[in-house]
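Peer 1: take a look and give me a structure for this.
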Amino acid sequence: MADEALIVVFAKAPVPGEVKTRLIPALGAEGAALLHAALTERVLATAVASGMDVLLCAAPDAGHAFFRACAEDFDVPLAEQLAEADLGARMLQALRQGLQQYGRVIIVGADCPALTAEHLRAAAGELTSHDVVITPADDGGYVLIGARRTTADMFHAIEWGSADVLARQRDALHRAGLDWHEMETLWDVDRPEDLPRLQALKPALEFFWPA
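Peer 2: Down below sits the predicted model:
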C-alpha cells in the first residue's frame, strides 16, 4: 500500500462537559456533546466516501460505546491516540504509524462540517508532490494535516487552541525542512459565533444539528 493514502479521524469521546466546551454557554453540556457526536459521525461518513482507507483514532481511549458503534456502523478500524500527550505528539505518532503501511497519511478532526470527500481526495493528491498538506481554518487553526514524510520537530512550539496555530505550524514546518501545500480555507465549529453558519446548513444537513 506504499502508494495509497490513509485518512485518520481524530475524535474525542462525546462526554458532556468535556467536548465543545466553548459551545456549552449556547448549547448546554449535553447539546454540545450531541453536536460533537454528530460531527464525528459526519466526518467519518465523508472520509469513507472518499474511497480511501479510514482509521478512527479515539481519545482518551477506545473504550467508549460511541467509538465502538462508529467503528461498526462505518466499518472502520479503531485505535487509540497516544495517552497523556499533547496534540502534536499524538498526531506525530499517528502519522508515523500510518506511514509504516501507507505512502500518505491525512489526519482530520471532527470540527469541520464544510469538509467534503473531494477536499480529502485533493489533499491526498497534493501529497504526491509535497511533504505536507494543510487545510487552514478561518479561525487561525487548521482542520486537516497530512504528510508523506515526518520529522521529530514538525509540531514543535505550537500552542494548541490558540489563534495562531496555523502560523506556528508554518514556522515549525519551515524549521523542520518540510515543504507544504495549503488547501482552500474552510470553517469549523468551535465557538458560539460559528453556530449560525451551522444552522444555515440544517435544511441540507439535518444530521449536524442536535434536536
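
Peer 1: just the helices in this structure please.
Peer 2: In chain order, the chain shows helices spanning 24-49, 65-74, 87-99, 117-126, 165-176, 195-200, with DSSP state H as the criterion.

Peer 1: so for residue 109, which of the ones you listed sits nearest?
Peer 2: For the helices of the chain, the distance to residue 109 is smallest for helix 24-49, at 7.5 Å, taking C-beta to C-beta. From N, CA and C alone the C-beta is placed, and that goes for glycine too.

Peer 1: what helices or strands is the closest one leaning on?
Peer 2: Secondary structure elements in contact with helix 24-49, counted by 3 or more C-beta pairs under 8 Å, 6 or more residues apart in numbering; DSSP states H and E, are strand 5-12, strand 53-59, helix 65-74, helix 117-126.

Peer 1: most tightly packed of these?
Peer 2: Among the helices and strands packed on helix 24-49, the stretch with the highest mean neighbour count (mean count of other C-beta atoms under 10 Å) is strand 5-12, at a mean of 24.

Peer 1: sheet-wise, list the partners of that one with their directions.
Peer 2: Strand 5-12 has the following sheet partners, assigned by DSSP bridges: strand 53-59 (parallel), strand 104-108 (parallel).

Peer 1: can I get the ones you listed in TSV including distance to residue 175?
Peer 2: Converted to TSV, those look like this (distance: least, C-beta to C-beta, whole Å):
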stretch	distance to residue 175
strand 53-59	26
strand 104-108	20
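
Peer 1: quick check: which of these is nearest to residue 173?
Peer 2: strand 104-108 (14.4 Å).

Peer 1: which residues does the closest one contact?
Peer 2: Applying C-beta atoms under 8 Å, 6 or more residues apart in numbering, the external contacts of strand 104-108 come out as 4-10, 43, 47, 52, 57, 91, 94-95, 98-99, 115, 120, 123-124, 127-128, 133, 143-148.
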